[in-house]
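show me how the following folds:
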Amino acid sequence: MAFLLLGPALPPAGASSPDAWRAYDREVRAACQKASRLEQPRMPGERIDVPVADRRPDGGTLLISALLLEGRQGRELCLFEQRTRRATVAEAEFLERLRPRP
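Next up, the predicted model:
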């Protein structure tokens, strides 16, 4: 599946109010926590939303939300697809190597 990055994040379907965004954030965090392989994962940062063009025949825009999870065993990056409501996690120890050195 190919994706194109678009402009600023689009609200999840029906999420135009602050209450809807808060509900979406809770859904993403709960799904990521459930998908995590870490014991009692913490979510130290903010959710990042990335709208992408879906190149499938039905077209449209997908919203992918990313969230970093941390635990004693390491770090995971969680990606939540707004359309399918599915969270996928992967080891994220490589993120430490990407951090700029002072």
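
and the lengthiest helix in the chain, C-alpha only, in CSV?
The residue-count maximum for a helix in the chain (DSSP state H) belongs to helix 18-35. The C-alpha coordinates for helix 18-35 follow below in CSV (Å, rounded to 0.1, in the frame of the first residue of the first chain):
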residue,chain,number,x,y,z
PRO,A,18,-12.3,19.3,21.5
ASP,A,19,-14.4,16.6,23.2
ALA,A,20,-14.2,14.4,20.1
TRP,A,21,-10.4,14.9,19.9
ARG,A,22,-10.1,13.9,23.6
ALA,A,23,-12.2,10.8,23.0
TYR,A,24,-10.0,9.9,20.0
ASP,A,25,-6.8,10.4,22.1
ARG,A,26,-8.2,8.1,24.8
GLU,A,27,-9.1,5.5,22.1
VAL,A,28,-5.6,5.7,20.6
ARG,A,29,-3.8,5.4,24.0
ALA,A,30,-6.0,2.5,25.1
ALA,A,31,-5.4,0.6,21.8
CYS,A,32,-1.7,1.2,21.9
GLN,A,33,-1.5,0.1,25.5
LYS,A,34,-3.4,-3.1,24.7
ALA,A,35,-1.2,-3.8,21.7
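
any idea how far the nearest residue to residue 79 once chain neighbours are set aside is from residue 40?
Excluding the flanking residues, the one nearest residue 79 by CB to CB, 6 or more residues apart in numbering is residue 88, at 5.2 Å. C-beta coordinates here come from the backbone N, C-alpha and C atoms, glycine included. Residue 88 is 20 Å from residue 40, where distance means CB to CB, to the nearest Å.
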